[in-house]
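S.K.: build me a model from this:
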Amino acid sequence: MGFGMVRDGMDIASGGGRGRARVRVTFSGMAPAGTQLQLAASREMMLMGIPVAFSIVNDPVSPATSEITFSTPGTYWISANLNAPPVTFGAPGPEDRTGVSAMPITIRAGEVTDVTVEIL
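M.R.: Model (predicted):
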């Protein structure tokens, strides 16, 4: 389990009026070496295009945990892609496993929201 980089075009150390989501992802079995857990947030249930915010965990072990920082509070869907080698960015390949939050989550300024995503 580890924390990966967190991106949203903002410096995560500055706090400000942003919110965060602490995402716990569970999956069955062992992820092969070189796997990335790619977490993404979007306004739609199905991620289309560039995510609003994302986080990456290299070589995850279930349950993997990371945080996503949001510059704009609001309602988001959280998706998880267990990206098996060869690791690429874009649509998941047939070797990858994906999951999405059961419902949209509300991110509030200055708060941390806990989310669990299960990958079957």
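S.K.: now do the SS call for the residue nearest the centre of the chain.
M.R.: Most central in the chain under Cα atoms, centre = their mean is Leu39, positioned 1.9 Å from the mean C-alpha point. Going by DSSP: H, G, I helix; E, B strand; the rest coil, the secondary structure assigned to Leu39 is strand.
S.K.: grab the nearest non-local neighbour of it.
M.R.: Closest residue to Leu39 apart from its sequence neighbours, by Cβ to Cβ, 6 or more residues apart in numbering: Ser55 at 4.5 Å. All C-beta spots, glycine's among them, are computed from the backbone N, C-alpha and C.
S.K.: can you give me the neighbour number for that neighbour?
M.R.: 26 (other Cβ atoms under 10 Å).
S.K.: which outside residues touch stretch 33-43?
M.R.: 4, 21, 23, 25, 31, 47-48, 51-60, 64, 66, 68, 70, 74-85, 87, 89, 117 (Cβ atoms under 8 Å, 6 or more residues apart in numbering).
S.K.: of the residues you listed, buried ones?
M.R.: Among the contacts of stretch 33-43, those that count as buried by neighbour count (16 or more other Cβ atoms under 10 Å) are 4, 21, 23, 25, 31, 47, 51-57, 60, 64, 66, 68, 70, 76-84, 117.
S.K.: circling back to that earlier point, who does the residue nearest to the centre of the chain form a beta bridge with?
M.R.: Ser55, Ala80 (DSSP bridges).
S.K.: any idea how many residues pack against Thr65?
M.R.: 18.
S.K.: check which helix or strand it maps to.
M.R.: Secondary structure from DSSP states H and E places Thr65 in strand 64-70.
S.K.: who does that strand pair up with?
M.R.: Checking strand 64-70 against DSSP bridges gives partners strand 19-27 (antiparallel).
S.K.: any idea of the mean pLDDT for the partner strand?
M.R.: Averaging pLDDT along strand 19-27 gives 94.
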